[in-house]
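Participant: No letters, just coordinates:
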């Protein structure tokens, strides 16, 4: 339990860093760190397959998407960065305070979770669930990935006016 | 629910709520569209941890993992498309500030 709490604290700090970091690149790296910590939490909660997906897709692919997108935009000048960070501090210093107040309120209220639990499924193999029980999800995911790829192609297509 | 699981759920619940607040605050307060996308990603992280926790507590780990895998696929497609849209907007307006987007002209 102690390791879980340490991991949860690190995850929250990484998320806070992602929100409050000055540069977007640092924010993207902080997000990758948060994803990596979520992966460890998933491993500890006995979900290895989902953890591997999280590690490869969220920590790897999404960070690569963010870094490429950020590198395609123009970085701010030094003066702009200083002005932005001053304004940003004004807007964001409430966030840690709100988070701590919410955590303290939840801790002190001690809300009882006493809901009837669903039946445990007879199938306990994740591959069996994905390929047999929730087969429709697979079709949905295929359509989604195709839609995403076509969307990206259309978004980055050069128009005929550009002469290409 | 067992006492051990209730304790686990309460502790994780506090951090999940904190993560959710961070993501929501980021989306609401920022003017930079790329940072809003990072906020969306943090919100999704909170939901992912919540789903895994729910599966662990109820004993339906396999089912929770299947749902989380679907969620991750949806997440990556949404992020990729939104990043593409943001870059297209950047090419038109030369800014990532959402307050600069005032018209819908292509």
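Facilitator: Looks like it came in fine. Given the structure is predicted, the values throughout are model-derived calculations rather than measurements.
Participant: quick check, stretch B:60-77 touching chain A?
Facilitator: Yes - looking at stretch B:60-77 against chain A by C-beta under 8 Å from any C-beta of the partner chain, the contacts come from B:60-66, B:68-70, B:72-77. (C-beta placed from N, C-alpha, C; glycine too.)
Participant: top of these by neighbour count?
Facilitator: residue B:64 (27 neighbours; other C-beta atoms under 10 Å in any protein chain shown).
Participant: Low-confidence regions, chain A specifically.
Facilitator: Scanning chain A for pLDDT under 70 picks out the ranges A:76-77, A:81, A:84-85, A:88, A:113-115, A:159-164.
Participant: Do a quick rundown of the helices in it.
Facilitator: A:2-20, A:24-44, A:48-53, A:63-71, A:78-92, A:94-109, A:126-128, A:135-155 (DSSP state H).
Participant: Let me have those helices in a markdown table, extended by distance to chain B and mean neighbour count.
Facilitator: Below are the helices of chain A laid out as a markdown table (distance: least, C-beta to the nearest C-beta, whole Å; neighbours: other C-beta atoms under 10 Å in any protein chain shown):
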| stretch | distance to chain B | mean neighbour count |
| --- | --- | --- |
| helix A:2-20 | 4 | 18 |
| helix A:24-44 | 5 | 21 |
| helix A:48-53 | 4 | 19 |
| helix A:63-71 | 4 | 17 |
| helix A:78-92 | 5 | 12 |
| helix A:94-109 | 5 | 13 |
| helix A:126-128 | 4 | 15 |
| helix A:135-155 | 4 | 13 |
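Participant: which stretch among those helices comes nearest residue A:116?
Facilitator: helix A:94-109 (21.8 Å; C-beta to C-beta).
Participant: contact partners of the closest one?
Facilitator: By C-beta atoms under 8 Å, 6 or more residues apart in numbering or on different chains, the surrounding residues in contact with helix A:94-109 are A:12, A:16, A:19-20, B:13-15, B:17-18, B:21-22, B:25, B:29.
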